[in-house]
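>>> Here's my sequence, what's the structure:
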Amino acid sequence: MNWDQIEGNWKQAKGKIIEKWGKLTDDDLDVVAGRREQLAGKLQERYGMAKEEAEEQVSHFEKGASDHWFKH
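Predicted coordinates for the structure are as follows:
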């Protein structure tokens, strides 16, 4: 799955993101609003990660995303 698909299904993706990174809040994800770079920035902020680590985790999340997440 690519990031455009995650961004296009942001409301559903938010639940999966909170499952993975529980320190992120709904307000954080409203600010992120589907933007990949913003998500990495929030991970840095909440978890004290280096930029590279945050980007790697977002990339791993993106690769693990599945169409069945977004089926109703």
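
>>> quick one: low-confidence ranges for this protein?
Scanning the chain for pLDDT under 70 picks out the ranges 71-72.

>>> ok, how many other residues are close to the residue nearest to residue 51 when sequence neighbours are not counted?
Nearest residue to residue 51, sequence neighbours excluded (Cβ to Cβ, 6 or more residues apart in numbering): residue 44, at 6.1 Å. For every residue, glycine as well, the C-beta is placed using N, CA and C. Neighbours of residue 44 under the rule other Cβ atoms under 10 Å: 16.

>>> I'd assumed residue 50 was in contact with residue 44.
Yes - with contacts defined as Cβ atoms under 8 Å, residue 44 counts as touching residue 50 at a distance of 7.3 Å.

>>> could you pull out the helices for this structure?
Assigned by DSSP state H, the chain shows helices spanning 3-8, 10-20, 26-32, 36-47, 51-64.

>>> Take those and lay them out in a markdown table including distance to residue 70.
A markdown table is the format used below for the helices of the chain (distance: least, Cβ to Cβ, whole Å):
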| stretch | distance to residue 70 |
| --- | --- |
| helix 3-8 | 8 |
| helix 10-20 | 5 |
| helix 26-32 | 16 |
| helix 36-47 | 17 |
| helix 51-64 | 14 |
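
>>> Single out the most deeply packed of those.
Greatest average neighbour count among these goes to helix 36-47 (a mean of 18), per mean count of other Cβ atoms under 10 Å.

>>> Give the other helices and strands that it contacts.
Secondary-structure packing of helix 36-47 (3 or more Cβ pairs under 8 Å, 6 or more residues apart in numbering; DSSP states H and E): helix 26-32, helix 51-64.

>>> ok so, going back, okay, the residue nearest to residue 51 and residue 22: tell me how far apart.
16 Å (Cβ to Cβ, to the nearest Å).

>>> cool, residue 63 as well?
On the measure of Cβ to Cβ, residue 63 and residue 22 end up 21 Å apart.

>>> ditto for residue 2
Taken as Cβ to Cβ, the span from residue 2 to residue 22 is 25 Å.
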